[in-house]
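A.B. asks: Whatever this is, show me its structure:
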Amino acid sequence: MIYPEKPDVPIRVKRLSRDAIRIFGKTIRRGFTNARLFSLSRSNTCFIGVTTISQTELMQRIEADHAHLILDVRNPKEYKIGHIPGAINIPHDRLDSRLIEIVSHSNRDVVLYCGSGVRVGIAANILQSAGFSKLLHLEGDMNGWVRNGSLPVVR
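C.D. replies: Modelled structure (predicted):
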């Protein structure tokens, strides 16, 4: 999770560590130190085992019909307001009970996005636990997609 800038860096690292333990389970015990987690928090995304995909690359995949699964993990109301073309909506808090709908994509690229990135971490943990191995987090999430101004939004 990426926290807003805080003047007191050690508090930021401590909060990130606690969240990483809760979200990513055994990852800390495998050698991730506070320093490593802090460096991950400074990157575009700090979800262990999840790669970032740029808005441009996702748009190219959509246009070439190579975006296997685009998963919007926001709530249905947010999805109806606007979403990325081709995205399906499974809210992060219902994902575990609806895995059967997407299990055929477990060995394919799955692009995840929410509003700002927080819910993607939760969804990624659920999907990784279910055997999904090719998870991609959309850079900037939906807020960044809309802010770009030149990318299509389905309303």
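A.B. asks: any weak-confidence spans in the chain?
C.D. replies: Filtered on pLDDT under 70, the chain yields the residue ranges 1-47.
A.B. asks: What are the boundaries of the strands in it?
C.D. replies: 51-53, 69-72, 87-89, 110-113, 135-138 (DSSP state E).
A.B. asks: Highest mean neighbour count out of those strands?
C.D. replies: Using mean count of other CB atoms under 10 Å, the stretch among these with the largest mean neighbour count is strand 110-113, at a mean of 26. C-beta: built from backbone N, CA, C; applies to glycine.
A.B. asks: tell me what it is packed against?
C.D. replies: strand 69-72, helix 118-129, strand 135-138, helix 141-148 (3 or more CB pairs under 8 Å, 6 or more residues apart in numbering; DSSP states H and E).
A.B. asks: let's go with 7 Å and repeat that
C.D. replies: strand 69-72, helix 118-129, strand 135-138 (3 or more CB pairs under 7 Å, 6 or more residues apart in numbering; DSSP states H and E).
A.B. asks: Pop the domain breakdown of this structure in here.
C.D. replies: 9-42, 51-148 (automatic domain parsing).
A.B. asks: which one of those lies closest to residue 154?
C.D. replies: Comparing those against residue 154 with CB to CB, the closest turns out to be domain 51-148 (5.4 Å).
A.B. asks: Roughly how far does the closest residue to residue 91 other than its chain neighbours sit from residue 106?
C.D. replies: Spatial nearest neighbour of residue 91, chain neighbours left out: residue 75 (5.1 Å); criterion: CB to CB, 6 or more residues apart in numbering. Distance of residue 75 to residue 106, computed by CB to CB, to the nearest Å: 24 Å.
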